[in-house]
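**Q** One predicted model, sequence on top.
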Amino acid sequence: MALEITDLIKTYANGVEALKGISLSVEQGDFFALLGPNGAGKSTLIGIISSLVNSTSGDVKVFGDSVRKNRSAAMRHLGLVPQEFNFNQFESPLDIVVNQAGYYGLTRPLALERAEKYLRQLQLWDKHDKPSRQLSGGMKRRLMIARAMVHEPELLILDEPTAGVDIEIRREMWGFIKGINEAGTTVILTTHYLEEAEQLCRNIAIINHGKLVRNTDVKSLLASLDMETFLLDLREPLSTAPTVEGISTRLVDPNQIEAIVPRERSLNNLFSALDQAGVRVLSMRNKANRLEELFMRMINDDNQDKTEDSAA
Amino acid sequence: MSVKLNWIGYKTLVRKEIKRILRIWGQTIVPPAITMTLYFIIFGNLIGKRIGQMDGVDYMTFIVPGLVMMSVITNSYGNMVSSFFGAKFGRHIEELLVSPLPSYVIVAGYVSGAMTRGLIVGFVVSLIAMQFTHIAVSNILITVSIALLTSILFALAGMVNAIFAEKFDDIAIIPTFILTPLTYLGGVFYSISLLPEFWQKVSAFNPIFYIINGFRYGMLGQSDVSIGTAYAIILVFIGLLGSLCLWLVHTGKGLRS
């Protein structure tokens, strides 16, 4: 196992219970998504795995080494790309990456070689000797990936690596991370772009209010989607939404219909009903990414359960 | 194997710290050199001529060890608080906290960096002093060892301050309200024999008084305290502060949530 988390609890000094007994495991070579809304406990969980946060109880093992009992050995397996920029903005990208390599015991010639390799791969070599505060937001994110990769960890954790990055660079970063995973590195990713998780990850854990809501593989999770919501753009405006048996429809605006199609119905039912009603459809798309739809539903259900529990 | 890896980590951290000192030399080395030159001109040269001798030596010569020690103390301490707190504030201390480096390597690396600045500035101030007076070092071994140990001691004290500090004000309070008064009252500019008996007894509780006098013994061969007491006090404080720093970094107090 690349990562084994057992009964992990974290209660902060101010009494906030960030994690309430999380257990999960990530297999070697996996591309794993850790999802949850803001404040769910993702960053605390990553903080404990990377030893930046002390757990209250429970244990985390990285490739068999306990973070609590054998921190140094556990950290050797791990590379972390945090959510916030946490490098010295007065230092150059080369110095930042080479220094990090030194902290992991890489000799200076090897550190320089690796730093150049990763800065080139992440298209940062042109800026390698400039103060890092001069880098753009996307470059700073890539710099943190180069820094995390310089000791070539067996487990790479990326905490929202593409936040605030434009789509072109985001796709390039996906390609890079995918390549790392294909080369054998286990990757754990947290993201708010669920399209990212759907495209990249094989397994997924969703946490909410410090508890694990779901831990499964992406394929079977998507298969459990019992309905999908579509938006249909119309050629001519309508004043009321057409009625379709077994499918819920609503007029978003005179030129757009929202249709919720259950699994037992098909899009053919929808289109033949629209055709009979004389409605002409110009284009159609999913209202949200499929994983996003499931995610929202699970989080809403979980939040509702919590409200009912507290009311009871 | 792990000793070798830790040694590389230690060297990396020290190199990074020295590079920082040299990168901002206008803030780290030049200002103390200018301040000490002014002390030598005003107190040593101008006022010192009217004072004449103190403890059997020229006043200018008398203040040299104190001013060198003052530079070592303030610069070792200052380097540690600014570098370590800066790393904490900018969150790049996390680069070390997520690395496999054990606590003692992190403490040793930062202490070595702070020592480097303290000793560089102390050396520069000694060179400046030589432009004003002739100094024949009485015991080079004692002089160098007291300077080294003092830089370790105040680097460790700076680390404790930086670990507990939550804002920039917190790293200014201790130097302003504790370190500077204790240094000035530690006998930099006068011999304790000039003080009334009551204040002589009060001075005995000031650890910096022993440090400055220990260094003065090394340089001039005379002191208000025994050299053994000076060494003992420095070593006891190094032991206490060193253990405290190791414990703080190991448990992550003020560093890990």
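**A** Received, thanks.

**Q** Give the closest residue to the closest residue to chain B within the stretch 151-300 of chain A in space, chain neighbours not counted.
**A** Going by Cβ to the nearest Cβ, chain B is nearest to A:His151 of the stretch 151-300 of chain A, at 8.8 Å. Quick note: C-beta positions are derived from backbone N, CA and C, even for glycine. Setting aside the residues directly before and after it, A:His151 is nearest to A:Tyr104 in space (Cβ to Cβ, 6 or more residues apart in numbering or on different chains), at 3.8 Å.

**Q** these two touch, right, that neighbour and B:Thr12?
**A** No. A:Tyr104 is beyond contact range of B:Thr12, at 9.4 Å (criterion: Cβ atoms under 8 Å).

**Q** what about the residue of the stretch 151-300 of chain A closest to chain B, neighbour count?
**A** 23 (other Cβ atoms under 10 Å in any protein chain shown).

**Q** where in chain B is pLDDT low?
**A** By pLDDT under 70, the low-scoring segments of chain B are B:1.

**Q** ok so A:Gly102 is a strand residue?
**A** No. Counting by DSSP: H, G, I helix; E, B strand; the rest coil, one finds A:Gly102 to be helix, located in no strand.

**Q** ok, it - contacts?
**A** A:Arg108, A:Ala111, B:Ile8, B:Gly9, B:Lys11, B:Thr12, B:Leu13, B:Arg15 (Cβ atoms under 8 Å, 6 or more residues apart in numbering or on different chains).

**Q** same question, A:Arg265
**A** For A:Arg265, counting by Cβ under 8 Å, 6+ apart, the contacting residues are A:Gly246, A:Ile247.

**Q** quick one: secondary structure of it?
**A** Judged by three-state DSSP, the three-state class of A:Arg265 is coil.

**Q** Show the pLDDT at it.
**A** For A:Arg265, the pLDDT comes out at 78.

**Q** Then A:Ala311?
**A** The model reports A:Ala311 with a pLDDT of 58.

**Q** Likewise for A:Thr307?
**A** On the pLDDT scale, A:Thr307 gets 68.

**Q** Same check on A:Gln121?
**A** pLDDT recorded at A:Gln121 is 91.

**Q** A:Met139 too?
**A** pLDDT recorded at A:Met139 is 89.

**Q** quick one: it and A:Lys127 touch, right?
**A** Yes. With contact defined as Cβ under 8 Å, A:Met139 reaches A:Lys127; the gap is 6.6 Å.

**Q** Which residue, other than its chain neighbours, is closest to the one residue in the stretch 101-250 of chain B that gets nearest to chain A?
**A** Residue nearest to chain A within the stretch 101-250 of chain B: B:Leu101 (5.4 Å; Cβ to the nearest Cβ). Leaving aside its sequence neighbours, B:Leu101 sits nearest to B:Gly9 (Cβ to Cβ, 6+ apart; 4.6 Å).

**Q** Tell me if I am right that the one you found is in a strand.
**A** No. Under three-state DSSP, B:Gly9 falls outside any strand and is assigned helix.

**Q** In contact with the residue of the stretch 151-300 of chain A closest to chain B, which residues are there?
**A** Contacts of A:His151 (Cβ under 8 Å, 6+ apart): A:Arg76, A:Gly79, A:Gln100, A:Ala101, A:Tyr104, A:Leu106, A:Arg114.

**Q** again, but for A:Gln123
**A** So A:Gln123 contacts A:Arg142, A:Glu172 (Cβ under 8 Å, 6+ apart).

**Q** where along chain A do the helices fall?
**A** A:42-49, A:71-76, A:93-103, A:108-121, A:137-149, A:167-182, A:194-200, A:218-223, A:267-276, A:290-311 (DSSP state H).

**Q** hang on, the earlier thing: out of the contacts of A:Gly102, who's nearest A:Ile207?
**A** Closest approach to A:Ile207 among the contacts of A:Gly102 (Cβ to Cβ): B:Gly9, at 33.6 Å.

**Q** Surely that closest one is in contact with B:Tyr104?
**A** No. Judged on Cβ under 8 Å, B:Gly9 makes no contact with B:Tyr104 at a distance of 10.8 Å.

**Q** Could you check which of the two has the larger neighbour count?
**A** B:Gly9 (26 against 15).

**Q** of A:Tyr104 and B:Thr12, who's got more company?
**A** Higher neighbour count among A:Tyr104 and B:Thr12: B:Thr12, with 26 against 21, using other Cβ under 10 Å.

**Q** Against which helices or strands is the host helix or strand of the more buried one packed?
**A** Element membership for B:Thr12 (DSSP states H and E) is helix B:2-23. If you count contacts as 3 or more Cβ pairs under 8 Å, 6 or more residues apart in numbering or on different chains; DSSP states H and E, helix B:2-23 packs onto helix A:93-103, helix B:59-89, helix B:103-132.

**Q** Show the subsequent helix or strand relative to it.
**A** helix B:25-28.

**Q** what's downstream of that following helix, the next helix or strand?
**A** helix B:30-39.

**Q** Take the contacts of A:Gly102 and write them to CSV, including distance to B:Arg256.
**A** Shown next, in CSV, are the contacts of A:Gly102 (distance: Cβ to Cβ, whole Å):
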residue, distance to B:Arg256
A:Arg108, 29
A:Ala111, 26
B:Ile8, 24
B:Gly9, 18
B:Lys11, 25
B:Thr12, 21
B:Leu13, 18
B:Arg15, 25
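
**Q** Which of these are buried, as a PyMOL select command?
**A** Selection of buried members from the contacts of A:Gly102 for PyMOL, criterion 16 or more other Cβ atoms under 10 Å in any protein chain shown:
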select buried, (chain A and resi 111) or (chain B and resi 8+9+12+13+15)
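
**Q** just the contacts of A:Gly102 now: which is nearest A:Glu236?
**A** A:Ala111 (65.6 Å).

**Q** Contact partners for the closest residue to that closest one other than its chain neighbours?
**A** When the adjacent residues along the chain are set aside, A:Ala111 lies closest to A:Ala101, with 3.5 Å between them (Cβ to Cβ, 6+ apart). Contact partners of A:Ala101, counting by Cβ under 8 Å, 6+ apart, are A:Leu110, A:Ala111, A:Arg114, A:Ala115, A:Val150, A:His151, B:Thr12.

**Q** Contact residues of chain A facing chain B?
**A** A:12, A:44, A:47, A:50-54, A:71-73, A:75-76, A:78, A:80, A:82, A:84-90, A:95-96, A:98-107, A:147 (Cβ under 8 Å from any Cβ of the partner chain).

**Q** From those, list the buried ones, please.
**A** Here, 16+ other Cβ under 10 Å leaves A:44, A:47, A:50-53, A:71-73, A:75-76, A:78, A:80, A:82, A:85-88, A:95-96, A:98-106, A:147 buried among these.

**Q** need the contact list for residue 140.
**A** Just so you know, I chose chain A. Taking Cβ under 8 Å, 6+ apart, one finds A:Phe85, A:Phe87, A:Ser132 in contact with A:Lys140.

**Q** should've been chain B
**A** B:Gly218.

**Q** Please apply the same query to B:Tyr77.
**A** B:Ala114, B:Gly118, B:Phe154, B:Ala155, B:Ala157, B:Gly158, B:Asn161, B:Pro175, B:Leu179.

**Q** tilt between the helix or strand hosting the third one and helix B:59-89?
**A** Taking DSSP H and E as the definition, one finds B:Phe154 inside helix B:140-164. For helix B:140-164 and helix B:59-89, the angle between their directions (axes from the mean of the first three to the mean of the last three Cα atoms, to 10 degrees) works out to 30 degrees.

**Q** Many thanks, we can stop here.
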